[in-house]
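Engineer: Fold the stuff below for me.
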Amino acid sequence: MSDDEFLSNFRMDRLCVIQLNSLVEDDEVFLRVSRKVGKRASMLHVMVLLKFLGSYGNAAEMQKIGHMMGILKGSVNDYVMQTCDAILKHREQVIKWPSIEERWKMSGRIRKAHGFINCIGLIDGTWFSAGYLQQIGLGCYS
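Structural biologist: This next block holds a predicted model:
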C-alpha cells in the first residue's frame with residue numbers, strides 16, 4: 001500500500017500510527033489477545049480503530065472493515081472498544097484542549113488563511129451535501 005493509500009485509509013501517516021501504537025502496545029488488553037495474533041496484536045487493533053473512525057456511510061460497516069483488515073466482522077467492535085480503552089488510559093498525554101493563548105493564535109492563523117472568525121480547528125475535510133443537511137434540519141456543513 002502506498003503512503004497516499006495508507007493515509008487515505010487510516011487518516012494518519014505511517015509514522016503517526018507507529019507512534020500511537022507504541023503508546024498502547026504494552027496495554028494489558030493486547031497482551032490477552034497476543035497469543036491469537038502474535039506480536040502485531042496492538043498494531044492491528046490501532047489500525048482497525050483508525051479505519052473505523054475514518055469511515056462513514058457504507059464504508060463504516062463492520063463487515064467491510066473486517067474484510068479489509070482480515071478479521072471477522074464481529075471482532076471489529078471489540079477491537080474498536082479495546083483500543084479506545086487503551087488510548088484513553090493515556091488521555092492526559094494525547095487529549096489536550098488548547099489554552100486561551102493557543103486558541104487565539106490558532107484562531108488568528110485560521111482567520112488569516114481561510115477567513116473563518118473565532119474558529120480554533122478544522123475537520124478532516126469531509127464534504128456533506130448542503131441539500132441533505134437541510135433535509136435533516138441542519139443549517140451548517142463542512
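Engineer: if I pick the closest residue to Asn9 other than its chain neighbours, what's in contact with it?
Structural biologist: Among residues not flanking Asn9 along the chain, Lys51 sits closest, at 6.2 Å (C-beta to C-beta, 6 or more residues apart in numbering). (C-beta placed from N, C-alpha, C; glycine too.) Counting by C-beta atoms under 8 Å, 6 or more residues apart in numbering, Lys51 touches 9-10, 65, 68-69.
Engineer: Most neighbours of all those, which one?
Structural biologist: Ile65 (23 neighbours; other C-beta atoms under 10 Å).
Engineer: Compile the contacts of Lys51 into JSON lines and extend it with columns for distance to Gly121 and secondary structure.
Structural biologist: Shown next, in JSON lines, are the contacts of Lys51 (distance: C-beta to C-beta, whole Å; DSSP: H, G, I helix; E, B strand; the rest coil):
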{"residue": "Asn9", "distance to Gly121": "23", "secondary structure": "helix"}
{"residue": "Phe10", "distance to Gly121": "20", "secondary structure": "helix"}
{"residue": "Ile65", "distance to Gly121": "26", "secondary structure": "helix"}
{"residue": "Met68", "distance to Gly121": "29", "secondary structure": "helix"}
{"residue": "Met69", "distance to Gly121": "29", "secondary structure": "helix"}
